[in-house]
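> this one's sequence-less:
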Ligand code: ADP
Ligand code: MG
């Protein structure tokens, strides 16, 4: 048993505008427990914090300041937890902090760069790497991904992937068995045999999470997401199985309701998140107080699910994410206060071992049989009658399966019946003779001679040959993947450069379809058991669905999509990633070629060694002398060259594998960005249609329009804005992706719009489908564009463009996000 308090870490998010930054300092001198000091100026203390203190000091296990990168966070926070999970203990890492403080960035990662990948993908990578290294244990890895929103659980790994809102996802419920163990009903568990399969599941869940989010539910802010890795391990031949769970938790934003001041429907939702965080706090207070017998876990779904992680059988770590800008100081202080409470909680992690009853039965049956056999010997029981045909057949089957069993520890169990033992020997002899006769016809006598003299070497060659064959297959698969990907990348580049008239054709969808084949690279060994699911299928059909949606678009809509895409900040990211992908592909291709060369070289060296060896043997036979006892220098040299080439081969192969993971990650990031773009386009399009409807004839149209889509940050700001509106207003404004720039004057533009918009009764405009209507909306968009262009060069340069001109070092979110 390992007793440990919950480990608390702090991570400070980079501040973009230094003048907005609050005053804080990190004291690293106190080596064991560093502390974070936050200074609240008197004027702020009067306004925000109900307390006139100036300085607040909090202790953490470690504090990661703005410059800490994802690798450092993984190495220091997640790796130790992953290690204890590999050793058989449960682990939990949860991120707590206000919206925008970097919880998702820390747990899942940024959506743009490979280097921004967060704790989940890095942990998966680490765990699978370790599993591969340990061949003495049989491991099974399963994944689940749960989202809790408004006290209701949703399975993000829904195999039907038809979700367009949270309600479409399967609902997950919690129940407790008589032993007070918590179970989650309806939460699917997916076996992942490789890192790649696990990553696909993560991206599938994240895509579902994104698609299911609407401006109304703001799920990313208001829900808790729990990504769980369930690891089972077993020694071969043992009936004991170890189970360990790792929960990686992205909690809802911890900001207080009072501050957001929402009303109506939104209030209920905010109450729920805050209620569940409130219950989390209650549980933590109860746990941190001595002699409390009742811990109110059952009050909320989240605390029920995380019961083991809080004061139970688990090694738990909390990351307090802090945004230390002046206006966020009070929230940051409450996050730190919460962390101090959490640090008092003691957990007791035990190894979760259980006996697998099926394996136990098999073991006991064997034992009984052995005892019976021993008894037969002791009592001298004689068996004289001949074995029946059925018994002989059974015996032969046993021998065949014994010979085919790759497990070196497998045994041929026939008991102590001498008739059976004799028959086994006869049968094996027969098999051996048959093989020899058959072998003679194919193997040359020279090789046979060599076989007799050098059985070990031949064995070694055979092993090498098999290994090479296997590597050959893997490389062929990789090379095929590369060819396909290269073609797709070229197609994508080609299609993005295509002129618009071409874009009208159905096959020229703005994005190439999903790339499931490319991901099916290295063969995975274990079959999917828990659910008959195929993650590649998930991904491909998810993207296929999106592509089909786009292919069904009318010409007007496709053109509008091109305009939308061109001006969307994510296009820059997609293009950047495309370029990186291209580079990686060419690196992988060059590496593949070098690998092939090395492989041929290894082949040649082996051939030379064999020939050299045969020469030596022939020399020995012709001169009738024994093999020279002196080492053959040439052969030694060849062997050391062979070793060197093998090392080179291995190194290149490892690099190729790492490249493959990076390529896949980038592809998944791009797929996700594309789905997001599509989703935002749909929302924007619907909004434009509404705008046209409401403003037709185009009076005041500019009041409602915003040129282009936004980042999650600005959406969040919008929702904050909404929080201050009545519910009715909120609903009206909701589909708008961004606030209206102040510089626009509706009156001066409405007249021109009136001129350019085709007349059509607003009430007859359906939002989708009708291409005549679509072309009206397109005309509306274009007309407005041309007016805006005339008006100000900046209007058509929405935030997305600004971030292109001046990229933020921390991604677009930070540049246009929390800063007011
Ligand atoms: P939360 O999940 O807490 O609401 P996010 O993780 O979505 O916050 O972060 C908000 C924005 O800030 C995102 O655009 C994210 O990329 C960025 N961000 C957060 N933390 C960091 C960091 N440590 N470094 C760079 N960018 C960050
Ligand atoms: Mg988040």
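That came through fine. Small disclaimer: the values here were computed from a predicted structure and weren't measured. Ligands and ions are numbered 1, 2, ... in the order given.
> so which helix or strand takes in the closest residue in space to residue 26 that isn't next to it in sequence?
Of all residues not flanking residue 26 in the chain, residue 63 sits nearest, at 4.9 Å (C-beta to C-beta, 6 or more residues apart in numbering). C-beta: built from backbone N, CA, C; applies to glycine. Assigned by DSSP states H and E, residue 63 falls within strand 62-64.
> ok, and what's touching that strand?
For strand 62-64, the surrounding residues in contact (C-beta atoms under 8 Å, 6 or more residues apart in numbering) are 9-12, 26, 28, 34-36, 72-73, 76-77.
> Check residue 302 and give its pLDDT.
Per-residue confidence at residue 302 stands at 92 (pLDDT).
> C-terminal to the helix or strand where it lies, what's the next element?
Assessed by DSSP H and E, residue 302 sits inside helix 301-305. Next helix or strand after helix 301-305 toward the C-terminus (DSSP H and E): strand 315-322.
> could you point out which element follows that next one?
Next along the chain after strand 315-322, taking DSSP H and E as the criterion, comes helix 329-342.
> Go through that next one and flag the buried ones.
329, 330, 331, 332, 333, 334, 335, 336, 338, 339, 341, 342 (16 or more other C-beta atoms under 10 Å).
> pLDDT and distance to residue 478 added to these, as TSV?
Output for those, formatted as TSV (pLDDT from 0 to 100; distance: C-beta to C-beta, whole Å):
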residue	pLDDT	distance to residue 478
329	90	51
330	89	53
331	91	48
332	93	47
333	93	52
334	91	51
335	94	45
336	95	48
338	92	48
339	95	45
341	91	51
342	92	45
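> Any chance of the residues you listed in CSV with distance to ligand 2 as columns?
Converted to CSV, these look like this (distance: C-beta to the ion, whole Å):
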residue, distance to ligand 2
329, 20
330, 20
331, 14
332, 16
333, 20
334, 18
335, 14
336, 19
338, 17
339, 18
341, 22
342, 19
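> Please convert those to CSV, extending it with distance to ligand 1.
Formatted as CSV, the buried residues of helix 329-342 follow (distance: C-beta to the nearest ligand atom, whole Å):
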residue, distance to ligand 1
329, 16
330, 16
331, 11
332, 12
333, 17
334, 14
335, 11
336, 15
338, 14
339, 15
341, 20
342, 17
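> Which two among those are spaced furthest apart?
329 and 342 (20.2 Å; C-beta to C-beta).
> What parts of the stretch 101-250 of the chain come near ligand 2?
103, 104, 220 (C-beta under 5 Å from the ion).
> what does the chain give?
Near ligand 2, when you scan the chain using C-beta under 5 Å from the ion, you find 103, 104, 220.
> Provide a list of residues in contact with the first one.
Okay, so that is residue 103. When contacts are counted by C-beta under 8 Å, 6+ apart, residue 103 touches 95, 96, 97, 250, 251, 253, 319, 321.
> please redo it, this time with the cut-off set to 6 Å
Going by C-beta atoms under 6 Å, 6 or more residues apart in numbering, residue 103 touches 95, 97, 250, 321.
> Looking at those residues, which are in strands?
95, 250, 321 (DSSP state E).
> and which of the residues you listed is nearest to ligand 2?
residue 250 (5.9 Å; C-beta to the ion).
> hang on, the earlier thing: show me what the strand holding residue 63 pairs with in its sheet, parallel or antiparallel.
Its sheet considered, strand 62-64 pairs with strand 7-12 (parallel) by DSSP bridges.
> Next, the angle from the partner strand to strand 315-322.
20 degrees (axes from the mean of the first three to the mean of the last three C-alpha atoms, to 10 degrees).
> Report the buried residues of the next helix or strand after strand 7-12.
For strand 7-12, the following helix or strand on the C-terminal side (DSSP H and E) is strand 23-27. Neighbour counts using 16+ other C-beta under 10 Å place 24, 26 of strand 23-27 among the buried residues.
> All set now, cheers.
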